[in-house]
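A.B. asks: Predicted model and sequence below, questions to follow.
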Amino acid sequence: MSTAGKGTFTNGMGNYEIDVGEKDSIWFSYLGKPTIKFPVLRMNDPLHFDIALRINVTVLKGVTVMPHNYRLDSLQNRRDYAKVFDYERPKLRPTMGGGAGGVGVGFDLDELIRMFQFRKNRNMLKFQERLIEQEHDKFIDHRFNKQLVRRLTNLTNENLDSFMVMYRPTYQFTLLASDYEFQSYIKRCYEYFRATEARKEKAF
(Lines give C-alpha, C1' and ligand atoms only; values in the text may rest on other atoms or scores of the structure.)
Protein backbone atom coordinates (compact mmCIF):
# COMPACT_ATOMS: atom_id res chain seq x y z
CA MET A 1 0.00 0.00 0.00
CA SER A 2 1.08 3.62 -0.57
CA THR A 3 0.29 6.57 1.65
CA ALA A 4 -1.58 7.96 -1.37
CA GLY A 5 -4.08 5.12 -0.96
CA LYS A 6 -3.00 2.89 -3.84
CA GLY A 7 -2.43 -0.80 -3.33
CA THR A 8 -1.36 -3.97 -5.11
CA PHE A 9 -0.49 -7.64 -4.54
CA THR A 10 2.63 -9.63 -5.28
CA ASN A 11 2.48 -12.44 -7.80
CA GLY A 12 3.63 -16.00 -7.19
CA MET A 13 7.27 -14.94 -7.63
CA GLY A 14 6.97 -12.05 -5.21
CA ASN A 15 7.06 -9.34 -7.90
CA TYR A 16 4.78 -6.31 -7.75
CA GLU A 17 4.07 -2.95 -9.38
CA ILE A 18 2.56 0.16 -7.73
CA ASP A 19 2.24 3.79 -8.83
CA VAL A 20 3.78 6.21 -6.32
CA GLY A 21 4.77 9.85 -6.13
CA GLU A 22 8.06 11.26 -4.85
CA LYS A 23 6.49 12.23 -1.52
CA ASP A 24 4.74 8.88 -1.02
CA SER A 25 5.79 6.11 1.31
CA ILE A 26 4.93 2.44 0.85
CA TRP A 27 4.41 -0.32 3.34
CA PHE A 28 3.75 -4.04 3.15
CA SER A 29 1.42 -6.37 5.01
CA TYR A 30 1.36 -10.15 5.30
CA LEU A 31 -1.13 -12.16 7.37
CA GLY A 32 -2.46 -8.89 8.71
CA LYS A 33 0.93 -7.74 10.06
CA PRO A 34 2.15 -4.44 8.55
CA THR A 35 5.77 -3.31 8.12
CA ILE A 36 7.14 0.17 8.75
CA LYS A 37 6.64 2.82 6.02
CA PHE A 38 9.43 3.26 3.45
CA PRO A 39 9.70 6.79 1.94
CA VAL A 40 10.16 6.73 -1.85
CA LEU A 41 12.75 9.55 -1.70
CA ARG A 42 15.05 7.39 0.45
CA MET A 43 15.01 4.41 -1.93
CA ASN A 44 18.26 3.92 -3.87
CA ASP A 45 16.35 2.42 -6.80
CA PRO A 46 12.56 2.96 -6.62
CA LEU A 47 12.12 0.74 -9.71
CA HIS A 48 13.63 -2.27 -7.93
CA PHE A 49 12.75 -2.00 -4.24
CA ASP A 50 13.03 -5.41 -2.62
CA ILE A 51 12.03 -6.35 0.91
CA ALA A 52 11.98 -9.61 2.86
CA LEU A 53 9.47 -10.31 5.62
CA ARG A 54 10.45 -12.45 8.56
CA ILE A 55 7.56 -14.67 9.66
CA ASN A 56 7.64 -16.29 13.07
CA VAL A 57 6.03 -19.71 12.82
CA THR A 58 4.62 -20.98 16.09
CA VAL A 59 5.14 -24.71 16.47
CA LEU A 60 2.55 -26.32 18.72
CA LYS A 61 3.31 -29.23 20.97
CA GLY A 62 2.45 -32.65 19.60
CA VAL A 63 -0.99 -34.02 20.43
CA THR A 64 -1.67 -37.73 20.91
CA VAL A 65 -5.18 -38.74 19.88
CA MET A 66 -6.47 -41.77 21.77
CA PRO A 67 -9.67 -43.73 21.10
CA HIS A 68 -12.49 -43.40 23.61
CA ASN A 69 -12.02 -45.54 26.68
CA TYR A 70 -15.39 -46.27 28.26
CA ARG A 71 -13.99 -46.94 31.72
CA LEU A 72 -11.88 -43.76 31.84
CA ASP A 73 -14.77 -41.68 30.46
CA SER A 74 -17.11 -43.14 33.06
CA LEU A 75 -14.70 -42.45 35.92
CA GLN A 76 -14.20 -38.90 34.71
CA ASN A 77 -17.96 -38.40 34.48
CA ARG A 78 -18.34 -39.64 38.05
CA ARG A 79 -15.66 -37.18 39.20
CA ASP A 80 -17.21 -34.26 37.28
CA TYR A 81 -20.68 -34.89 38.72
CA ALA A 82 -19.69 -36.37 42.08
CA LYS A 83 -22.02 -34.01 43.93
CA VAL A 84 -25.00 -35.22 41.89
CA PHE A 85 -24.12 -38.94 41.94
CA ASP A 86 -23.57 -38.85 45.72
CA TYR A 87 -26.75 -36.90 46.40
CA GLU A 88 -29.18 -38.50 48.87
CA ARG A 89 -32.70 -37.51 49.77
CA PRO A 90 -32.64 -35.57 53.08
CA LYS A 91 -33.53 -37.64 56.14
CA LEU A 92 -34.16 -36.67 59.71
CA ARG A 93 -31.41 -38.13 61.86
CA PRO A 94 -31.49 -37.85 65.63
CA THR A 95 -28.47 -36.21 67.24
CA MET A 96 -27.19 -36.43 70.78
CA GLY A 97 -26.33 -33.21 72.53
CA GLY A 98 -25.57 -31.91 75.96
CA GLY A 99 -27.29 -28.83 77.29
CA ALA A 100 -27.73 -27.15 80.61
CA GLY A 101 -30.11 -29.86 81.69
CA GLY A 102 -27.84 -32.74 80.64
CA VAL A 103 -27.87 -34.99 77.58
CA GLY A 104 -30.75 -34.66 75.10
CA VAL A 105 -31.86 -35.97 71.71
CA GLY A 106 -32.55 -33.58 68.83
CA PHE A 107 -32.49 -33.38 65.02
CA ASP A 108 -29.90 -32.07 62.60
CA LEU A 109 -31.07 -28.55 61.67
CA ASP A 110 -29.35 -28.60 58.26
CA GLU A 111 -31.13 -31.82 57.30
CA LEU A 112 -34.43 -30.34 58.53
CA ILE A 113 -33.96 -27.30 56.27
CA ARG A 114 -32.99 -29.49 53.30
CA MET A 115 -36.17 -31.54 53.70
CA PHE A 116 -38.29 -28.48 52.90
CA GLN A 117 -36.33 -27.48 49.80
CA PHE A 118 -38.77 -29.47 47.68
CA ARG A 119 -37.95 -28.06 44.23
CA LYS A 120 -34.19 -28.28 44.74
CA ASN A 121 -34.45 -31.86 46.01
CA ARG A 122 -36.74 -32.89 43.14
CA ASN A 123 -34.49 -31.32 40.49
CA MET A 124 -31.39 -32.86 42.02
CA LEU A 125 -32.95 -36.33 42.05
CA LYS A 126 -34.13 -35.98 38.43
CA PHE A 127 -30.66 -34.87 37.36
CA GLN A 128 -29.17 -37.83 39.21
CA GLU A 129 -31.58 -40.23 37.48
CA ARG A 130 -30.74 -38.74 34.08
CA LEU A 131 -27.00 -39.07 34.68
CA ILE A 132 -27.38 -42.68 35.79
CA GLU A 133 -29.54 -43.42 32.74
CA GLN A 134 -26.93 -41.88 30.45
CA GLU A 135 -24.23 -43.92 32.17
CA HIS A 136 -26.23 -47.11 31.57
CA ASP A 137 -26.79 -46.20 27.90
CA LYS A 138 -23.08 -45.57 27.37
CA PHE A 139 -22.27 -48.93 28.96
CA ILE A 140 -24.70 -50.68 26.60
CA ASP A 141 -23.16 -48.79 23.64
CA HIS A 142 -19.74 -49.91 24.83
CA ARG A 143 -20.60 -53.64 24.77
CA PHE A 144 -23.32 -53.68 22.11
CA ASN A 145 -21.32 -51.88 19.44
CA LYS A 146 -21.51 -52.00 15.64
CA GLN A 147 -18.05 -53.51 15.23
CA LEU A 148 -18.99 -56.55 17.31
CA VAL A 149 -22.43 -56.98 15.73
CA ARG A 150 -21.01 -56.60 12.21
CA ARG A 151 -18.36 -59.23 12.94
CA LEU A 152 -20.91 -61.74 14.28
CA THR A 153 -23.70 -61.14 11.74
CA ASN A 154 -22.07 -59.60 8.63
CA LEU A 155 -24.87 -57.03 8.61
CA THR A 156 -24.15 -53.64 7.06
CA ASN A 157 -25.76 -50.25 6.36
CA GLU A 158 -29.51 -49.99 7.04
CA ASN A 159 -29.87 -53.62 8.12
CA LEU A 160 -27.19 -53.12 10.75
CA ASP A 161 -28.85 -49.92 12.00
CA SER A 162 -32.25 -51.63 12.23
CA PHE A 163 -30.77 -54.59 14.09
CA MET A 164 -29.04 -52.31 16.61
CA VAL A 165 -32.35 -50.63 17.43
CA MET A 166 -34.56 -53.72 17.45
CA TYR A 167 -32.34 -55.94 19.60
CA ARG A 168 -30.68 -53.45 21.92
CA PRO A 169 -30.25 -55.36 25.22
CA THR A 170 -31.23 -54.12 28.66
CA TYR A 171 -28.66 -52.65 30.99
CA GLN A 172 -29.12 -55.48 33.52
CA PHE A 173 -28.40 -58.17 30.94
CA THR A 174 -25.48 -56.22 29.47
CA LEU A 175 -23.98 -55.83 32.92
CA LEU A 176 -24.34 -59.45 34.05
CA ALA A 177 -23.82 -61.45 30.83
CA SER A 178 -20.44 -63.03 30.14
CA ASP A 179 -18.80 -62.47 26.76
CA TYR A 180 -19.99 -65.90 25.61
CA GLU A 181 -23.58 -65.24 26.73
CA PHE A 182 -23.55 -61.79 25.17
CA GLN A 183 -22.32 -63.00 21.80
CA SER A 184 -24.76 -65.91 21.85
CA TYR A 185 -27.57 -63.41 22.43
CA ILE A 186 -26.49 -61.42 19.36
CA LYS A 187 -26.33 -64.57 17.22
CA ARG A 188 -29.81 -65.71 18.33
CA CYS A 189 -31.23 -62.27 17.64
CA TYR A 190 -29.66 -62.36 14.21
CA GLU A 191 -31.52 -65.61 13.43
CA TYR A 192 -34.81 -63.94 14.44
CA PHE A 193 -33.92 -60.87 12.40
CA ARG A 194 -33.09 -62.91 9.30
CA ALA A 195 -36.32 -64.90 9.61
CA THR A 196 -38.33 -61.67 10.00
CA GLU A 197 -36.70 -60.13 6.93
CA ALA A 198 -37.40 -63.32 4.92
CA ARG A 199 -41.10 -63.16 5.85
CA LYS A 200 -41.23 -59.52 4.75
CA GLU A 201 -39.77 -60.41 1.37
CA LYS A 202 -42.34 -63.22 0.89
CA ALA A 203 -45.16 -60.84 1.78
CA PHE A 204 -44.14 -58.61 -1.12
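C.D. replies: Structure's in. What do you need? Residues are numbered from 1 along each chain as shown.
A.B. asks: which residues of this protein score low on pLDDT?
C.D. replies: 66-68, 70-72, 84-85, 87-118, 121, 204 (pLDDT under 70).
A.B. asks: the helices in it, which residues?
C.D. replies: Remark: helices assigned in the chain by DSSP state H are 70-80, 82-85, 109-115, 118-143, 146-153, 157-166, 171-176, 179-203.
A.B. asks: what's the longest one packed up against?
C.D. replies: Yep, that's helix 118-143 we're talking about. Under the contact definition 3 or more Cβ pairs under 8 Å, 6 or more residues apart in numbering; DSSP states H and E, helix 118-143 sits against helix 70-80, helix 82-85, helix 171-176. No exception for glycine: its C-beta is placed from N, CA and C like everyone else's.
A.B. asks: want to try a markdown table for those helices, with distance to Met43 and mean neighbour count as columns?
C.D. replies: A markdown table is the format used below for the helices and strands packed on helix 118-143 (distance: least, Cβ to Cβ, whole Å; neighbours: other Cβ atoms under 10 Å):
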| stretch | distance to Met43 | mean neighbour count |
| --- | --- | --- |
| helix 70-80 | 62 | 12 |
| helix 82-85 | 69 | 13 |
| helix 171-176 | 77 | 13 |
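A.B. asks: if we can go back for a sec, who wins for proximity to Lys23 among the helices of the chain?
C.D. replies: Among these, helix 70-80 comes nearest to Lys23, with 64.7 Å by Cβ to Cβ.
A.B. asks: what's the angle between that closest one and helix 118-143?
C.D. replies: Angle, helix 70-80 to helix 118-143, by axes from the mean of the first three to the mean of the last three Cα atoms, to 10 degrees: 170 degrees.
A.B. asks: Alright, calling it a day.
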